[in-house]
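1. could you look at this predicted model? Sequence included:
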Amino acid sequence: DAKTTQPPSMDCAEGRAANLPCNHSTISGNEYVYWYRQIHSQGPQYIIHGLKNNETNEMASLIITEDRKSSTLILPHATLRDTAVYYCIVRGMEYGNKLVFGAGTILRVKS
Amino acid sequence: GAGVSQSPSNKVTEKGKDVELRCDPISGHTALYWYRQSLGQGLEFLIYFQGNSAPDKSGLPSDRFSAERTGGSVSTLTIQRTQQEDSAVYLCASSFLGTIFDGELFFGEGSRLTVL
């Protein structure tokens, strides 16, 4: 597994963009980057994933650096309901199909 | 159902008792996962089922833990002779195509186990 490093916590003002960084300097060529979030007392929720191209969906954008050693999850207009723990995970097919969750980043969106 | 359903939502038991936790995955999902989350901790992988393949049991913490999936659908996680350190939220997830690259994992709300 490529390990990931995320800041333990971040604050963001409501309505502003939240940019959550993730370092994965040992990522290999066939490993994907996944983002999940977990709102208090709920199960984790998938946000987005990517291999090397930037990705966007209705929830967020994922920006992966050209060398793939880091990525940023962008919530374009954070709301109070986006307060959660955000997990960045990398995984390759050859290691099986389980996702290994780290400690994540606690994002606090404040009004 | 509309999502992954887990029962019971809360279970309080005495040390040494056996418990069973149930997971109903989303209909048609071929893969099913169990994780646990202790208070203030991250998610710990326990076991993974994919179709008729042998399950990946590499995360089960001891032989007191076992799981089965009947008919490729409902799964039961059994903890025998529970210990206080087993207290945690047990989360089940399912996936449509059985690989993490083709789809996302859908998680249930979890079963909170408290061992007194």
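-> Good, I have the coordinates.
2. near chain A, which residues of chain B?
-> B:4, B:31, B:33, B:35, B:42-45, B:48, B:50, B:56, B:58-59, B:91, B:93, B:98-101, B:104-110 (C-beta under 8 Å from any C-beta of the partner chain). To be clear about C-beta, it is placed using only N, CA and C from the backbone, and glycine gets the same treatment.
3. ok, 7 Å please
-> B:31, B:33, B:42-43, B:45, B:48, B:50, B:56, B:91, B:99-101, B:104-105, B:107-110 (C-beta under 7 Å from any C-beta of the partner chain).
4. what's in contact with stretch A:4-23?
-> With C-beta atoms under 7 Å, 6 or more residues apart in numbering or on different chains as the test, stretch A:4-23 has contacts from A:24, A:69-80, A:82, A:86, A:88-90, A:102-111.
5. find the nearest non-adjacent residue to A:Tyr87, please.
-> In space, and not counting its chain neighbours, A:Tyr87 is closest to A:Gly104: 4.2 Å by C-beta to C-beta, 6 or more residues apart in numbering or on different chains.
6. show me the contacts for the one you found.
-> A:6, A:85-87, B:42.
7. go again using 10 Å as the cut-off
-> A:4, A:6-9, A:20, A:22, A:35-38, A:44, A:84-89, B:42-43 (C-beta atoms under 10 Å, 6 or more residues apart in numbering or on different chains).
8. okay but B:Leu46 is in contact with B:Tyr90, surely?
-> Yes - counting by C-beta atoms under 10 Å, B:Leu46 does reach B:Tyr90; the two are 7.9 Å apart.
9. quick one: common contacting residues for the two?
-> Common neighbours of B:Leu46 and B:Tyr90 (C-beta under 10 Å, 6+ apart) are B:34-36, B:77.
10. roughly how far apart are the nearest residue to B:Ser5 once chain neighbours are set aside and B:Gly108?
-> Spatially, and ignoring its direct neighbours in sequence, B:Ser5 is nearest to B:Asp24 (4.2 Å; C-beta to C-beta, 6+ apart). Distance of B:Asp24 to B:Gly108, computed by C-beta to C-beta, to the nearest Å: 8 Å.
11. more crowded one of the two?
-> B:Gly108 (22 against 18; other C-beta atoms under 10 Å in any protein chain shown).
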